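A.B. asks: with the sequence up front, the predicted model follows.
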Amino acid sequence: MENKYHHQGVGREMQKALLGQWYARLSRAKQENIPVAYLFISGNIGELLRSFGFELVFPEVNALQCGIKKVAGEMILKAEDTGYSSDVCGYVKNDIGLALSGNAGPFGTLAPPDLLVCTYSGCNTYIKWFEALASLFKAPIFMLDVPYTREGRFREEDKQYVIAQLKELITVCEKLTGRAFDEKKLKEQLRNAAEAEEIWAKILQSARHRPSPIDAFFEAVFFMAPIYVLRGTPECVRYYRAAWEEIEERLGHRLGPVSEERFRVVLEGPPPWPYFRAFWELFKKWNVCVVASTYSKVGGIWDFGFRHDPSRPLESIAEYALNCYTNLNWPMRQEMIRKYIEEYAADALVIHSVKSCRSFSVGQADVREYFTKEQGLPTLFLESDLVDSRYFSEAQMRNRIDAFFEALESRFQRESRRGGVPDPARA
Ligand code: SF4
């Protein structure tokens, strides 16, 4: 029988191939004399570093890869053996364990850093994390201090402060690589970044359709990888053009991530990586589609309009760093979630609170209270961890998820009989 779909699966396949090529380059970097910089995803300044020829390593991405491949447990224990407490972020301990294992993980053996750029956006754990790596690898560290966005918008002086630091970083990169700053190259990177951002925002916003063609959490974590690790490169742009064709085809055929979309939810918080599949299945069973998530915004909130701007290179990099999700205060994050619920017509809010990450979890109980009491929205609060499987109980998760959607289903049925809230299966 002739296959009527021509683009399905392309997003996942290309993503896998691109990440594989990127990790292979990182394994060869030392032999090929390519400088390597380590930095964080949130508010990252990858385009600037790439314009100097650096290959980039993102330790959180390595941690989630170890989590999903189920080797994070041994890395974490290695770090705990050297004295890291059980309360320290699992991502940090995974990374320390990885460094102590010769930087060899399921993705190959990574080149050590020539430079550590601590983009301090929203999480102060980053500072201690990179100080530890600087000492383990005997590598120089550059601290890019990004002020927390506290008043609904960053201040102009905060932006100028970040720009001044970017100029200092340019001098550091020039000395380290022996290359002069090439503004033309940087602008080219930012042009590519803006194009990829435009398409990615369009993909995320496609979830406003009913049924949604994409799960904006469980699928988005794969679709978003290239814009996080390869943003600014031509292959990243090619990826999003191809991914959009897949989404467009799904829209045309009313294809979605679940066989029959029954519940639309917004999800706040990161995934439990070692149990990613099992966690997803617990929602799929109820035909739940996540139509918007905050985790898919940790690398940038492009769906609210931000684009890198090649005509204002350093300014737009600074604005991006200041504006990332974990750098926003809780009232701003709460407002963002409220907008998602409204614009994406969500039936409920699911909060996945992880023990490791205070940057995400602090304030989530208040957010739940706000949505339950002030907005009258059904909310489900789940707890586990990003990478530490000692904090994940599948049976407990299943019970809570089943009970929640069972109650939600009965509520919809009751209210639709009374002519109130329509049944969520409405198309
Ligand atoms: S606490 Fe959260 S944001 Fe901070 S390093 Fe750990 S996972 Fe990342």
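C.D. replies: Happy to help now that I have it.
A.B. asks: please make it C-alpha for all contacts and neighbour counts, starting now.
C.D. replies: Fine.
A.B. asks: and Ala346, how many neighbours?
C.D. replies: Neighbouring residues of Ala346 were enumerated by other Cα atoms under 10 Å; the total is 21.
A.B. asks: that one and the ligand, how far apart?
C.D. replies: Taking Cα to the nearest ligand atom, to the nearest Å as the criterion, Ala346 is separated from the ligand by 26 Å.
A.B. asks: what of Tyr84?
C.D. replies: With distances defined as Cα to the nearest ligand atom, the gap from Tyr84 to the ligand amounts to 14 Å.
A.B. asks: what helix or strand is the residue nearest to that residue when sequence neighbours are not counted located in?
C.D. replies: Beyond its immediate neighbours in the sequence, the residue positioned closest to Tyr84 (Cα to Cα, 6 or more residues apart in numbering) is Lys93, lying 7.2 Å away. Secondary structure assigned from DSSP states H and E places Lys93 in helix 90-100.
A.B. asks: buried stuff in that helix?
C.D. replies: Neighbour-count burial for helix 90-100, with 16 or more other Cα atoms under 10 Å as criterion, is recorded at Gly90, Tyr91, Val92, Lys93, Asn94, Asp95, Ile96, Gly97, Leu98, Ala99.
A.B. asks: which residue, other than its chain neighbours, is closest to the residue of the stretch 201-350 of the chain found nearest the ligand?
C.D. replies: For the stretch 201-350 of the chain and the ligand, the shortest gap (Cα to the nearest ligand atom) falls at Thr326, measuring 7.1 Å. In space, and not counting its chain neighbours, Thr326 is closest to Gly122: 5.0 Å by Cα to Cα, 6+ apart.
A.B. asks: got the phi/psi numbers for that neighbour?
C.D. replies: The phi/psi pair for Gly122 (degrees, to the nearest 10) reads phi 80, psi -20.
A.B. asks: how close does it get to the ligand?
C.D. replies: Distance, Gly122 to the ligand, using Cα to the nearest ligand atom: 7 Å.
A.B. asks: helices or strands up against the helix holding Lys93?
C.D. replies: helix 59-68, helix 72-81, helix 125-137 (3 or more Cα pairs under 8 Å, 6 or more residues apart in numbering; DSSP states H and E).
A.B. asks: over to Ala292. Which of the three states is it?
C.D. replies: Using DSSP: H, G, I helix; E, B strand; the rest coil, the structure places Ala292 in strand.
A.B. asks: neighbours of it, how many?
C.D. replies: By other Cα under 10 Å, 30 other residues sit near Ala292.
A.B. asks: before we move on, what about Ile68?
C.D. replies: Neighbour count for Ile68, taken as other Cα under 10 Å: 19.
A.B. asks: going forward, begin numbering at 737 instead of 1
C.D. replies: Noted, 737 is the first residue going forward, which turns the last one into Ile804.
A.B. asks: for the helix or strand encompassing Met1072, give the mean pLDDT please.
C.D. replies: With secondary structure defined by DSSP H and E, Met1072 is part of helix 1066-1079. Average pLDDT, helix 1066-1079: 94.
A.B. asks: quick one on the thing from earlier: which residues touch the residue nearest to Thr1062?
C.D. replies: Val882, Pro883, Tyr884, Thr1062, Asn1063, Leu1064, Ser1095 (Cα atoms under 8 Å, 6 or more residues apart in numbering).
A.B. asks: would you mind listing what in the stretch 837-986 of the chain touches the ligand?
C.D. replies: Cys859, Thr861, Tyr862 (Cα under 6 Å from any ligand atom).
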